[in-house]
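Colleague: below: sequence and its predicted model.
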Amino acid sequence: MYVLIGILIALTGWYVFEKRKRPTHPVAPGLNLDISLPHDQEWEIYQNQISLCSKKLRVCMEELGLSYQSHHVELIETGRYENLGRDFLKINPSFTVPVLVHNGHPVYESHEQIVYAAEHSGPRGKELLGRTPELRNEVSQWVDNGALKGDPIKGSHERAGNAAPGLTMPIFASMVAYIPWWRIAEGLLFHGDRKRPLLFSALKMRGLHRIAPPLQKIIQRSRRDMDLHLDKLEEALSHGRDWLTGDTFTLADVSWMALLERIDEVDWSNTFFGEGRHPLVKAYWERLKLRPSYKTALSHRGAIHTRALEDLRKAKEIAPELRESLEVS
Ligand SMILES: N[C@@H](CCC(=O)N[C@@H](CS)C(=O)NCC(=O)O)C(=O)O
């Protein structure tokens, strides 16, 4: 009995101590000149291979031709909560990737980061931002449409970026099968937004075949909303343009390149592009894949991701009711 009480006191003491060492709090979007971080290069990024917002930033850096040092930060879906570790919380106390660091100062929020990077990259940056005030305005509307703002499982109707997390849930359900419970428990103890580790716990507990009904609803809503966003994209491309705002590739295309990659990598292509749906977007995606930035920034997939994608495809093949529940109902 005394041993048990002793262990309990020691564990509580450890938790309180560790929690104090991992403070989380919101950060101001954009450049934070008042924060200085250790750095070796003018441009550095903290990012994760599968994270949508990290993809957007990586594509942008490649398109701008900026050389940068990359720090890969593991998230629970790729193995562990490195983003909740003491070191990363010094970089971003708001625990998310990506973070862009310019001359040692962090820029938070990926939609701010791509604009900031373009504004500091000379003529190529000006081109990506849009050369005229009208074009710049149009580009910035698309950047906003592609942004993931606020609660990641809300706002899918307003922004295509916010429709992406719901669409990613089936692959998260497959990925989390490879992650041990004790790794997820770290999130339950230390995450600044408990909803996120709870979601992963629910996905792990029930598995891909029994996704909880409230989460299924989020997936269905995200699918319907993404379909509407793709209708708008189809309309924008119907003016004979190669790129979203005209003949020049801009940040609008950077944002959608990451989103279309997400659709592709989480096995939604057939839903949105099968049987002749959104033909112009489909052709646009083929053009985007020919850009060198696609190969450098997007084409690599990690081991857990590759296995999980295979599992998801097989599961949908052998269980048509799963495909039906995800893609049709
Ligand atoms: N609005 C933010 C969203 C950042 C975000 O939610 N990033 C996700 C990956 S796409 C993340 O870091 N998740 C870590 C976690 O929730 O533990 C941005 O655009 O940078």
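Modeller: Right, received. Where do you want to start?

Colleague: am I right that Thr96 falls within a helix?
Modeller: No: the assignment for Thr96 by DSSP: H, G, I helix; E, B strand; the rest coil gives coil, which leaves it out of any helix.

Colleague: neighbours around it, how many?
Modeller: When counting by other CB atoms under 10 Å, one arrives at 24 neighbours for Thr96. Bear in mind the C-beta positions are built from the backbone N, C-alpha and C, glycine included.

Colleague: renumber starting at 53 from here on
Modeller: Understood, numbering begins at 53; the last thing we discussed is Thr148.

Colleague: not counting sequence-adjacent ones, nearest residue to it?
Modeller: Here the nearest residue to Thr148 in space, its sequence neighbours aside, is Asn135; by CB to CB, 6 or more residues apart in numbering that works out to 6.9 Å.

Colleague: report the contact partners of the one you found.
Modeller: Asn135 is in contact with 100, 125-127, 141, 144, 147-149, counting by CB atoms under 8 Å, 6 or more residues apart in numbering.

Colleague: now swap in Leu89 and tell me
Modeller: Applying CB under 8 Å, 6+ apart, we find Leu89 in contact with 142-143, 153, 156-158.

Colleague: so which pair among the residues you listed is furthest apart in space?
Modeller: Taking CB to CB, the two most distant members of the contacts of Leu89 are Lys142 and His157; they sit 13.7 Å apart.

Colleague: for Glu327, helix, strand, or coil?
Modeller: Following three-state DSSP, Glu327 is assigned to helix.

Colleague: coming back round to it: wait, which of the contacts of Leu89 is closest to Arg176?
Modeller: The closest of the contacts of Leu89, once distances to Arg176 are taken by CB to CB, is Val153, at 20.3 Å.

Colleague: secondary structure element for the closest one?
Modeller: strand 151-154 (DSSP states H and E).

Colleague: who does that strand pair up with?
Modeller: Each strand that strand 151-154 pairs with, and the sense of that pairing, follows from DSSP bridges: strand 95-99 (antiparallel), strand 157-160 (antiparallel).

Colleague: so of these, which one's packed in deepest?
Modeller: strand 95-99 (a mean of 23; mean count of other CB atoms under 10 Å).

Colleague: who touches that strand?
Modeller: Counting by CB under 8 Å, 6+ apart, residues outside strand 95-99 touching it are 106, 109-110, 113, 118-125, 140, 143-144, 149-154, 169.

Colleague: these also near the ligand: which ones?
Modeller: Of the entries in the contacts of strand 95-99, the ones placed beside the ligand under the rule of CB under 6 Å from any ligand atom are 149-150.

Colleague: to the ligand, which of the strands paired with strand 151-154 lies closest?
Modeller: If you check each of these against the ligand by CB to the nearest ligand atom, strand 157-160 wins as the nearest, at 6.9 Å.

Colleague: roughly how far is the closest one from the heart of the chain?
Modeller: On the basis of CA atoms, centre = their mean, to the nearest Å, strand 157-160 sits 18 Å off its chain's mean C-alpha point.

Colleague: quick one: the helices in the stretch 203-352 of the chain?
Modeller: Ranges of helices within the stretch 203-352 of the chain are 212-227, 233-242, 247-258, 265-289, 303-317, 321-325, 331-341, 344-349, based on DSSP state H, counting those that start in this stretch.

Colleague: not counting its neighbours along the chain, what's nearest the residue in the stretch 203-352 of the chain positioned nearest to the ligand?
Modeller: Per CB to the nearest ligand atom, Arg248 is where the stretch 203-352 of the chain lies closest to the ligand, at 4.2 Å. On the basis of CB to CB, 6+ apart, the spatially nearest residue to Arg248 that is not a chain neighbour turns out to be Gly239, at 6.8 Å.

Colleague: also Arg176?
Modeller: Spatial nearest neighbour of Arg176, excluding adjacent residues (CB to CB, 6+ apart): Leu116 at 5.6 Å.

Colleague: would you check that the one you found makes contact with Ala169?
Modeller: Yes: look at Leu116 against Ala169 with CB atoms under 8 Å: they come within range, at 5.9 Å.

Colleague: what sits in contact with each of the two?
Modeller: Common neighbours of Leu116 and Ala169 (CB under 8 Å, 6+ apart) are Gly177.

Colleague: per-domain residue ranges of the chain.
Modeller: Residue ranges for the structural domains of the chain, counted by automatic domain parsing, are given in the record as 71-183, 194-380.

Colleague: rewinding a little: out of the contacts of strand 95-99, which are buried?
Modeller: Neighbour-count burial (16 or more other CB atoms under 10 Å) is assigned, among the contacts of strand 95-99, to 106, 109-110, 113, 118, 120, 123, 125, 140, 143-144, 149-154, 169.
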